[in-house]
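> The following block contains a protein sequence and its predicted model.
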Amino acid sequence: MSNVKKIKYHFSGCGASFSDSDVVVFGAPFDGTVSFRPGTRFGPSAMRPDSYGLETYSPYLDDDLSNYKTCDFGDIVMPYGDKDLALLRIYETTKKILSAGKKPLMVGGEHLVTYGSVRAVFESYEDLHIIHLDAHTDLRKTYYDVELNHATVIKKCYDILGDGRIFQFGIRSGAKEEFHWAKKGHVTLHKYDLEGLDSVCKLLKDKPVYITIDLDVLDPSIFPGTGTPEPGGITFKELIEGFSYFLELENIVGADLVELAPNLDPSGVSTAVACKCLREMILIMNKK
């Protein structure tokens, strides 16, 4: 596609061709609506070279990226001043991947990018459900009178899917109105941790599921390189345990990993954490 950048590095273990792969990774380096600290546009480009500091083998899953053919499709060229066009390009890229019978795994970028991908996936899977890991509710109708924003993204996805299709975990920040709206049964919101994720994965076992992981679900002592850090998050060990529950799902049809801002963590620890999370998600999606 003309709107995809050529890349010097691919994510470690993701050097297969598009035609040979079942899972296709691509970057959506957009941060045009961030509400606090910018920098997530640099996430995918930072993760690629740093991913070579990790083994392709996961001891958590007893599996190796070398057992699968995965394609790194590159980064979408993002028009930073035009979020509508950015979302359209994400939609088109996701649509291309799905039309080829493959699974999209997007790397952000800020969380708004999820909306472009979910729109495309929903067109292929009308019974789509979303599992959402995050520190923030992201259920606002508008944010400072703006409808398309990383603080409104899950509400925008809800507007497509409707009641009972979105399951949120790790939530510990949001406006009072968002929590009260969720309590009315529109979404299932679990505060603070991942308790109940195993039961939800069993419930959705045979449903088409899109997984969106905002890495600020992790405590900022573990993952400081993000635009809106929120104390009180989960540990990396808890997140990896949560990933293991995804193996219950028989039909993961798409996923994303968002909100790494590598410029905000000069130690590189946050980028290493993001790379490890991406490795686990690639393996889980290939297994499915």
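Received it, and whenever you're ready, just let me know what you need. Nothing here was measured: the structure is a model prediction, and the numbers come from that model.
> Could you pull out the strands in the stretch 1-150 of the chain for me?
Counting by DSSP state E, counting those that start in this stretch, the segments of the stretch 1-150 of the chain that form strands are 23-28, 57-58, 63-64, 70-75, 103-108, 129-133.
> In its sheet, which strands sit next to the last one, and in what direction?
Paired with strand 129-133 in the same sheet, following DSSP bridges, are strand 166-171 (parallel), strand 209-214 (parallel).
> Out of the ones you listed, the one nearest Cys201 is which?
Cys201 lies closest, by Cβ to Cβ, to one member of the strands paired with strand 129-133: strand 209-214, at 8.3 Å. In this view, the C-beta of every residue, glycine as well, is placed from N, C-alpha and C.
> where along the stretch 151-288 of the chain do the strands fall?
Defined through DSSP E, counting those that start in this stretch, the strands belonging to the stretch 151-288 of the chain, from first to last, are 166-171, 188-191, 209-214, 252-258.
> circling back: export the strands of the stretch 1-150 of the chain as a markdown table, with columns for distance to Ala182, mean pLDDT and mean neighbour count.
Written out in a markdown table, the entries for the strands of the stretch 1-150 of the chain read as follows (distance: least, Cβ to Cβ, whole Å; pLDDT from 0 to 100; neighbours: other Cβ atoms under 10 Å):
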| stretch | distance to Ala182 | mean pLDDT | mean neighbour count |
| --- | --- | --- | --- |
| strand 23-28 | 26 | 98 | 27 |
| strand 57-58 | 33 | 98 | 18 |
| strand 63-64 | 35 | 98 | 16 |
| strand 70-75 | 33 | 96 | 24 |
| strand 103-108 | 23 | 98 | 26 |
| strand 129-133 | 11 | 98 | 24 |
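> Just to confirm, which residue in this structure is farthest away from the center?
Lys184 (25.7 Å; Cα atoms, centre = their mean).
> That one and Asp193: what is the separation?
Lys184 sits 22 Å away from Asp193, going by Cβ to Cβ, to the nearest Å.
> Need the pLDDT of Val34.
Confidence at Val34, expressed as pLDDT, is 89.
> for the one 4 residues further on, same thing?
Predicted confidence (pLDDT) at Pro38: the value is 93.
> for the residue nearest to Val4 when sequence neighbours are not counted, what are its contacts?
Leaving aside its chain neighbours, Val4 sits nearest to Gly74 (4.6 Å; criterion: Cβ to Cβ, 6 or more residues apart in numbering). Residues touching Gly74, when contacts are defined by Cβ atoms under 8 Å, 6 or more residues apart in numbering, comprise 4-7, 26-27.
> now these as a markdown table including distance to Ile90?
A markdown table is the format used below for the contacts of Gly74 (distance: Cβ to Cβ, whole Å):
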| residue | distance to Ile90 |
| --- | --- |
| Val4 | 11 |
| Lys5 | 14 |
| Lys6 | 18 |
| Ile7 | 17 |
| Phe26 | 9 |
| Gly27 | 10 |
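> could you give the mean pLDDT of stretch 183-195?
97.
> Convert the C-alpha atoms of that stretch to PDB, please.
What follows is the C-alpha trace of stretch 183-195 in PDB, where atoms were taken according to Å, rounded to 0.1, in the frame of the first residue of the first chain:
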ATOM      1  CA  LYS A 183     -22.900   0.700  35.900                       C
ATOM      2  CA  LYS A 184     -26.100   1.000  33.900                       C
ATOM      3  CA  GLY A 185     -25.000  -2.200  32.000                       C
ATOM      4  CA  HIS A 186     -23.700  -0.600  28.800                       C
ATOM      5  CA  VAL A 187     -20.200  -2.200  29.400                       C
ATOM      6  CA  THR A 188     -18.700  -4.500  32.000                       C
ATOM      7  CA  LEU A 189     -16.200  -2.400  33.900                       C
ATOM      8  CA  HIS A 190     -13.800  -4.100  36.400                       C
ATOM      9  CA  LYS A 191     -11.800  -1.600  38.500                       C
ATOM     10  CA  TYR A 192      -8.200  -1.800  39.600                       C
ATOM     11  CA  ASP A 193      -7.000  -5.200  38.400                       C
ATOM     12  CA  LEU A 194      -7.700  -8.200  36.100                       C
ATOM     13  CA  GLU A 195      -9.900 -10.200  38.500                       C
END
